[in-house]
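Q: next comes the sequence, and after it the predicted model I'd like to discuss.
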Amino acid sequence: MTTLLNIHASLAGQTAASSTLADRFAADWLEQHPQGRVITRDLAADPVPHLTAERFQSFLTPAEARTAEQQAVAAYSDTLIGELQAADVIVFAIPMYNFSVPSTVRAYFDHIARAGVTFSYSAAGPEGLLKGKKVYVFITRGGVYPEAADTQTPYLRQFLGFLGMTDVEFIHAEGMALGVESRAKSLASAHVSIAKLVPLAA
(Lines give C-alpha, C1' and ligand atoms only; values in the text may rest on other atoms or scores of the structure.)
Protein backbone atom coordinates (compact mmCIF):
# COMPACT_ATOMS: atom_id res chain seq x y z
CA MET A 1 0.00 0.00 0.00
CA THR A 2 1.35 3.42 -0.98
CA THR A 3 1.57 5.77 2.01
CA LEU A 4 1.75 9.55 2.30
CA LEU A 5 2.93 11.07 5.58
CA ASN A 6 1.50 14.56 6.06
CA ILE A 7 3.39 16.58 8.70
CA HIS A 8 1.92 19.88 9.94
CA ALA A 9 3.66 22.46 12.11
CA SER A 10 1.50 25.59 12.29
CA LEU A 11 0.12 26.89 15.58
CA ALA A 12 -3.03 27.82 13.66
CA GLY A 13 -3.85 24.17 13.09
CA GLN A 14 -5.92 22.99 10.14
CA THR A 15 -6.93 26.53 9.17
CA ALA A 16 -3.33 27.61 8.61
CA ALA A 17 -2.31 28.35 5.03
CA SER A 18 0.53 25.83 5.13
CA SER A 19 -1.80 23.12 6.47
CA THR A 20 -4.46 23.95 3.91
CA LEU A 21 -2.00 23.64 1.04
CA ALA A 22 -0.57 20.37 2.35
CA ASP A 23 -4.05 18.93 2.89
CA ARG A 24 -5.10 19.98 -0.63
CA PHE A 25 -2.07 18.16 -2.01
CA ALA A 26 -2.78 15.09 0.12
CA ALA A 27 -6.43 15.01 -1.00
CA ASP A 28 -5.45 15.29 -4.67
CA TRP A 29 -2.78 12.64 -4.19
CA LEU A 30 -5.33 10.29 -2.61
CA GLU A 31 -7.59 10.69 -5.64
CA GLN A 32 -4.67 9.53 -7.78
CA HIS A 33 -3.92 6.69 -5.33
CA PRO A 34 -7.35 5.38 -4.16
CA GLN A 35 -5.69 2.35 -2.57
CA GLY A 36 -3.18 4.52 -0.71
CA ARG A 37 -3.39 5.95 2.77
CA VAL A 38 -2.60 9.31 4.33
CA ILE A 39 -1.13 9.58 7.83
CA THR A 40 -1.14 13.03 9.43
CA ARG A 41 1.16 14.11 12.25
CA ASP A 42 0.50 17.55 13.77
CA LEU A 43 3.63 18.80 15.51
CA ALA A 44 1.79 21.79 16.99
CA ALA A 45 -1.14 19.85 18.45
CA ASP A 46 1.09 16.97 19.56
CA PRO A 47 4.58 18.47 19.90
CA VAL A 48 7.72 16.38 20.10
CA PRO A 49 9.63 17.10 23.34
CA HIS A 50 12.71 19.22 22.91
CA LEU A 51 15.92 17.25 23.10
CA THR A 52 17.62 17.09 26.51
CA ALA A 53 20.84 15.47 27.60
CA GLU A 54 18.82 12.66 29.18
CA ARG A 55 16.79 12.02 26.03
CA PHE A 56 19.90 12.08 23.85
CA GLN A 57 21.61 9.61 26.16
CA SER A 58 18.70 7.25 25.61
CA PHE A 59 19.61 7.09 21.94
CA LEU A 60 23.29 6.45 22.71
CA THR A 61 22.70 3.73 25.27
CA PRO A 62 22.61 0.16 23.85
CA ALA A 63 19.06 -1.22 23.78
CA GLU A 64 19.85 -3.98 26.29
CA ALA A 65 21.27 -1.47 28.78
CA ARG A 66 18.48 1.12 28.68
CA THR A 67 16.40 1.90 31.71
CA ALA A 68 12.62 1.75 31.42
CA GLU A 69 12.54 5.53 30.94
CA GLN A 70 15.21 5.35 28.26
CA GLN A 71 13.33 2.55 26.51
CA ALA A 72 10.23 4.74 26.38
CA VAL A 73 12.20 7.65 24.90
CA ALA A 74 13.83 5.43 22.28
CA ALA A 75 10.50 3.79 21.44
CA TYR A 76 8.93 7.21 20.87
CA SER A 77 11.74 8.14 18.50
CA ASP A 78 11.40 4.75 16.79
CA THR A 79 7.71 5.47 16.17
CA LEU A 80 8.50 8.77 14.46
CA ILE A 81 11.20 7.12 12.37
CA GLY A 82 8.92 4.17 11.55
CA GLU A 83 6.38 6.56 10.03
CA LEU A 84 9.07 7.98 7.75
CA GLN A 85 10.40 4.56 6.81
CA ALA A 86 6.91 3.35 5.88
CA ALA A 87 6.04 6.43 3.82
CA ASP A 88 6.55 6.62 0.08
CA VAL A 89 5.65 10.31 -0.05
CA ILE A 90 6.33 12.82 2.73
CA VAL A 91 4.69 16.24 2.95
CA PHE A 92 5.81 19.03 5.27
CA ALA A 93 3.59 22.05 5.98
CA ILE A 94 5.94 24.63 7.47
CA PRO A 95 5.24 28.30 8.21
CA MET A 96 8.05 30.76 8.86
CA TYR A 97 8.44 31.73 12.51
CA ASN A 98 11.05 34.36 13.37
CA PHE A 99 13.01 33.76 10.15
CA SER A 100 13.23 30.00 10.70
CA VAL A 101 11.19 26.83 10.93
CA PRO A 102 8.99 26.32 14.03
CA SER A 103 10.87 24.96 17.04
CA THR A 104 8.57 21.94 16.98
CA VAL A 105 10.05 21.00 13.60
CA ARG A 106 13.55 21.27 15.02
CA ALA A 107 12.55 19.05 17.96
CA TYR A 108 11.07 16.54 15.53
CA PHE A 109 14.28 16.55 13.51
CA ASP A 110 16.32 15.97 16.68
CA HIS A 111 14.33 12.79 17.31
CA ILE A 112 14.55 11.36 13.80
CA ALA A 113 18.27 12.01 13.22
CA ARG A 114 19.66 8.82 14.75
CA ALA A 115 23.12 7.48 13.92
CA GLY A 116 22.86 3.91 12.69
CA VAL A 117 19.12 4.26 12.16
CA THR A 118 18.46 7.14 9.74
CA PHE A 119 22.07 7.92 8.83
CA SER A 120 25.46 6.29 9.17
CA TYR A 121 29.10 7.31 9.02
CA SER A 122 31.77 5.64 6.94
CA ALA A 123 35.23 6.43 5.60
CA ALA A 124 33.47 8.10 2.68
CA GLY A 125 31.46 10.34 4.99
CA PRO A 126 27.83 10.36 6.19
CA GLU A 127 25.17 8.38 4.34
CA GLY A 128 21.44 8.95 4.67
CA LEU A 129 19.38 5.80 5.18
CA LEU A 130 15.91 7.17 4.37
CA LYS A 131 16.27 6.83 0.62
CA GLY A 132 13.68 6.45 -2.11
CA LYS A 133 11.25 9.00 -0.67
CA LYS A 134 9.53 11.79 -2.56
CA VAL A 135 9.23 14.89 -0.37
CA TYR A 136 7.08 17.99 -0.82
CA VAL A 137 7.59 21.01 1.43
CA PHE A 138 4.95 23.73 1.62
CA ILE A 139 6.41 26.90 3.14
CA THR A 140 4.28 29.94 3.99
CA ARG A 141 5.68 33.34 4.94
CA GLY A 142 4.23 36.66 5.95
CA GLY A 143 6.83 38.61 3.97
CA VAL A 144 8.80 38.05 0.81
CA TYR A 145 12.29 36.56 1.11
CA PRO A 146 14.59 36.44 -1.90
CA GLU A 147 17.10 33.61 -2.16
CA ALA A 148 19.80 35.45 -0.19
CA ALA A 149 17.39 35.95 2.74
CA ASP A 150 15.85 32.47 2.63
CA THR A 151 16.88 30.76 5.86
CA GLN A 152 14.42 27.86 5.56
CA THR A 153 14.83 26.20 2.17
CA PRO A 154 18.63 25.61 2.33
CA TYR A 155 18.37 24.28 5.89
CA LEU A 156 15.53 21.90 5.10
CA ARG A 157 17.19 20.70 1.90
CA GLN A 158 20.45 20.02 3.75
CA PHE A 159 18.84 18.22 6.68
CA LEU A 160 16.53 16.07 4.58
CA GLY A 161 19.41 15.26 2.24
CA PHE A 162 21.56 14.25 5.19
CA LEU A 163 18.97 11.58 6.00
CA GLY A 164 18.87 10.40 2.38
CA MET A 165 15.81 12.34 1.21
CA THR A 166 17.20 14.14 -1.81
CA ASP A 167 14.13 14.21 -4.06
CA VAL A 168 12.53 17.31 -2.52
CA GLU A 169 10.10 19.77 -4.10
CA PHE A 170 9.52 23.16 -2.45
CA ILE A 171 6.35 25.21 -2.86
CA HIS A 172 6.47 28.70 -1.36
CA ALA A 173 3.57 31.01 -0.57
CA GLU A 174 5.00 34.39 0.38
CA GLY A 175 3.62 37.83 1.18
CA MET A 176 0.82 36.31 3.22
CA ALA A 177 0.75 39.28 5.61
CA LEU A 178 1.06 41.98 2.97
CA GLY A 179 -2.64 42.42 2.36
CA VAL A 180 -5.63 40.49 1.05
CA GLU A 181 -4.59 40.76 -2.59
CA SER A 182 -1.03 39.59 -1.94
CA ARG A 183 -2.25 36.64 0.13
CA ALA A 184 -4.82 35.59 -2.46
CA LYS A 185 -2.34 35.83 -5.32
CA SER A 186 0.29 33.80 -3.45
CA LEU A 187 -2.15 31.06 -2.47
CA ALA A 188 -3.55 30.88 -6.00
CA SER A 189 -0.03 30.41 -7.35
CA ALA A 190 0.63 27.64 -4.82
CA HIS A 191 -2.58 25.84 -5.81
CA VAL A 192 -1.54 26.01 -9.46
CA SER A 193 1.75 24.38 -8.47
CA ILE A 194 -0.11 21.62 -6.64
CA ALA A 195 -2.23 20.89 -9.70
CA LYS A 196 0.98 20.39 -11.67
CA LEU A 197 2.70 18.32 -8.99
CA VAL A 198 0.06 15.72 -8.22
CA PRO A 199 0.09 14.07 -11.67
CA LEU A 200 3.85 13.65 -11.22
CA ALA A 201 3.20 11.75 -8.00
CA ALA A 202 0.75 9.37 -9.66
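A: Sure, I can see it.
Q: burial count for residue 8?
A: For residue 8, the count of nearby residues is 27 (other Cβ atoms under 10 Å). C-beta: built from backbone N, CA, C; applies to glycine.
Q: show me what contacts it?
A: 14, 16, 18, 19, 22, 40, 41, 42, 43, 44, 45, 93 (Cβ atoms under 8 Å, 6 or more residues apart in numbering).
Q: need the phi and psi values for the first one.
A: Geometry field for residue 14 lists phi and psi as phi -70, psi -20, criterion degrees, to the nearest 10.
Q: skipping its backbone neighbours, what lies nearest residue 104 in space?
A: residue 43 (4.1 Å; Cβ to Cβ, 6 or more residues apart in numbering).
Q: whoops, residue 137 was the one
A: In space, residue 137 is closest to residue 92, 4.6 Å off (Cβ to Cβ, 6+ apart).
Q: in terms of helices and strands, where is the one you found?
A: strand 89-95 (DSSP states H and E).
Q: may I see the contacts of residue 8 organised as JSON lines, with secondary structure added?
A: Below are the contacts of residue 8 laid out as JSON lines (DSSP: H, G, I helix; E, B strand; the rest coil):
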{"residue": "14", "secondary structure": "helix"}
{"residue": "16", "secondary structure": "coil"}
{"residue": "18", "secondary structure": "helix"}
{"residue": "19", "secondary structure": "helix"}
{"residue": "22", "secondary structure": "helix"}
{"residue": "40", "secondary structure": "strand"}
{"residue": "41", "secondary structure": "strand"}
{"residue": "42", "secondary structure": "strand"}
{"residue": "43", "secondary structure": "coil"}
{"residue": "44", "secondary structure": "coil"}
{"residue": "45", "secondary structure": "coil"}
{"residue": "93", "secondary structure": "strand"}
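Q: can I get these in TSV including neighbour count?
A: Output for the contacts of residue 8, formatted as TSV (neighbours: other Cβ atoms under 10 Å):
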residue	neighbour count
14	13
16	19
18	26
19	24
22	28
40	17
41	17
42	17
43	21
44	17
45	13
93	28
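Q: just to revisit the earlier point, direction included, what does the strand holding residue 92 pair against?
A: Take DSSP bridges as the rule and strand 89-95 pairs in its sheet with strand 3-8 (parallel), strand 134-140 (parallel).
Q: ranking those by burial, who's on top?
A: Across the strands paired with strand 89-95, averaging neighbours per residue (mean count of other Cβ atoms under 10 Å) puts strand 134-140 on top, at a mean of 24.
Q: and that one, how far out from the chain's middle?
A: 7 Å (Cα atoms, centre = their mean, to the nearest Å).
Q: now whichever helix or strand comes after that strand: average pLDDT?
A: Using DSSP H and E, the helix or strand that follows strand 134-140 in sequence is helix 153-162. In this model, helix 153-162 has an average pLDDT of 98.
Q: so how far is residue 32 from residue 2?
A: Distance of residue 2 to residue 32, computed by Cβ to Cβ, to the nearest Å: 10 Å.
Q: great, nothing more from me.
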